[in-house]
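# Kindly generate the corresponding structure for this input.
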Amino acid sequence: MEKKVLLVADDKKMNRAVIARFFKDDFEVLQAENGRIALELIQSHKVDMVLLDIIMPEVNGLEVIQQIKANPEYDAIGILVATSTKEKTERQALGVGADDIVSKPYDPVVIRKKIENILKTKDLEKQCQSMGMQEKEEKWKQKWKLHFQNQIEERTQKIEKMVNVIGNNTENEEVVRRCVCDIKEELVQLKGMLKEESNPITGERR
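Residues are numbered from 1 along each chain as shown. Sure thing, here's the model as predicted:
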């Protein structure tokens, strides 16, 4: 089974090394010494989880979170923020979209549990979104089917009416000619509908 990717963004090499060594059997671990490199790695790799220090050079942790959250493609990335500062920074991190907070110095056992919880939550969210899309698609299919049936019924009724007109005006060549033309036009429309019938979501054809 392919390993999930954990990105450790911390300006302290020792901190990154501790986490990389602890998680090397469970994750593919990427390392970034600042926020700029972290964002570059997120763009070039399919990152599943970020362990993110708040105080970093060039681009800090809060800015990294904001850029991740600004891109819908990164919705599935879990964000665990590491901080040794006080509650205000923690609240800021949670306010801009972090999933959880862990205090320094690093305790790998605590970090592992928090990461497991975040990834489980992300998987559940993904499943719920998938179920929601399936329900939405099914509703669209039902709506489209009803629309198609109504169109068929409406055109069939028109043809039946014109057939009745012809039956009541067999000696009126002009009326018969117009009705025949209209019937031919309706038949063309019906054939076109049957040929081009497609689902508005999937584009599948009969």
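# CA only for contacts and neighbour counts going forward, please
Noted.
# Domain map for the protein?
4-106, 136-196 (automatic domain parsing).
# any idea how far the shortest one is from the chain center?
A distance of 40 Å separates the C-alpha centroid of domain 136-196 from that of its chain, computed with CA atoms, centre = their mean, to the nearest Å.
# what's the answer for the longest one, then?
Between the centre of domain 4-106 and the centre of its host chain there is 22 Å, according to CA atoms, centre = their mean.
# hey, which of the domains of the chain is tucked in deepest?
Among these, ranked by average contacts under mean count of other CA atoms under 10 Å, first place goes to domain 4-106 (a mean of 18).
# and after the longest helix along the chain, which helix or strand comes next?
As assigned by DSSP state H, the longest helix anywhere in the chain is helix 108-168. Note on helix 108-168: by DSSP states H and E, the next helix or strand toward the C-terminus is helix 173-196.
# so where's the protein shaky on pLDDT?
For the chain, residues meeting the criterion pLDDT under 70 lie at 1, 85-88, 130-134, 136, 139-140, 143-144, 147, 193, 195-206.
# 80 instead, please
Applying pLDDT under 80 to the chain flags residues 1, 84-90, 126-155, 186, 188-206.
# farthest residue from the center of it?
Farthest-out residue of the chain from its mean C-alpha position, per CA atoms, centre = their mean: E171, at 63.9 Å.
# what about the domains of the chain, which gets the closest to L119?
Between L119 and the domains of the chain, the tightest spacing by CA to CA is seen for domain 4-106, at 6.5 Å.
# just checking, I79 touches V47?
No. Using CA atoms under 8 Å, I79 makes no contact with V47, being 10.5 Å away.
# And the domains of the chain: which comes nearest E116?
Ranking the domains of the chain by proximity to E116 (CA to CA) places domain 4-106 first, at 9.9 Å.
# Okay, now the closest one: how far is its last residue from its first?
End-to-end distance of domain 4-106 (CA to CA, to the nearest Å): 21 Å.
# for stretch 54-69, same thing?
16 Å.
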